[in-house]
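> Okay, sequence plus prediction incoming.
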Amino acid sequence: MARWRPPSSKSSPYITAEGAEKLQAELKSLWVRRADVTRHLAAAAAEGDRSENAEYIYRKKELREIDRRIRYLQKRLPEIKVIAHLPSDRERVFFGAWVTLENADGEESTYRIVGPDEFDPQKGWISVDSPMARALLKKAIDDEVVVNTPAGPLRCVLVDIRYRTEKS
């Protein structure tokens with residue numbers, strides 16, 4: 001019996017041009033990988049008893065995961081909006097901006113605001129839907145940013161805003 005989960009909130013449809021290209025490339029590579037997995041699955045199925053055939057069970061699971069991701073990408077790609085232009089007001093934080101924040105201890109952190117399909121915490125890319133990004137949007141340099149976290153409010157000062165940087 002499946003566990004019921006409430007539907008997740010709809011994520012923003014925005015994405016950078018690089019992110020859209022990566023998703024298209026991922027979809028293409030998944031179709032190639034799917035063909036390979038299907039060949040291996042057919043070979044494993046031909047070996048006989050499928051109930052104790054580890055290769056067959058593994059390939060079926062792998063095929064399900066590939067199909068799930070392909071379905072997601074086929075539904076997501078038509079609804080995304082590529083944001084390739086720079087905002088007219090570059091003194092404020094908008095989608096695609098690199099922002100540098102300074103906390104009370106003087107430590108600086110740099111983040112890039114990107115779409116939910118391309119966020120990467122290790123690169124410092126945060127989703128436009130995240131609480132941090134929401135707090136940053138439309139702020140200017142020297143504005144105080146307050147983000148509510150489980151540990152309490154986090155207060156930072158916005159020290160730099162830039163677009164299209166060499167750090168991409």
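That came through, no problem.

> what's the longest helix in the protein?
Secondary structure of the chain per DSSP state H: the longest helix is helix 17-45.

> Now for the protein, the helix or strand with the poorest mean pLDDT.
When the helices and strands of the chain are scored by mean pLDDT, DSSP states H and E, strand 144-149 comes last with a mean of 90.

> residues making contact with it?
Applying Cβ atoms under 8 Å, 6 or more residues apart in numbering, the contact partners of strand 144-149 are 101, 131-132, 135-136, 139, 153-158. Just so you know, the C-beta spots here come from the backbone N, C-alpha and C atoms, and that holds for glycine as well.

> Which strands or helices does the helix or strand just after it pack on?
The C-terminal neighbour of strand 144-149 among helices and strands, as given by DSSP states H and E, is strand 152-162. The helices and strands touching strand 152-162, judged by 3 or more Cβ pairs under 8 Å, 6 or more residues apart in numbering; DSSP states H and E, are strand 98-103, strand 108-114, strand 144-149.

> Run a quick neighbour tally on residue 14.
The tally of other residues near residue 14 (other Cβ atoms under 10 Å) stands at 21.

> show me what contacts it?
By Cβ under 8 Å, 6+ apart, the contact set of residue 14 is 80-81, 83, 95, 115, 128.
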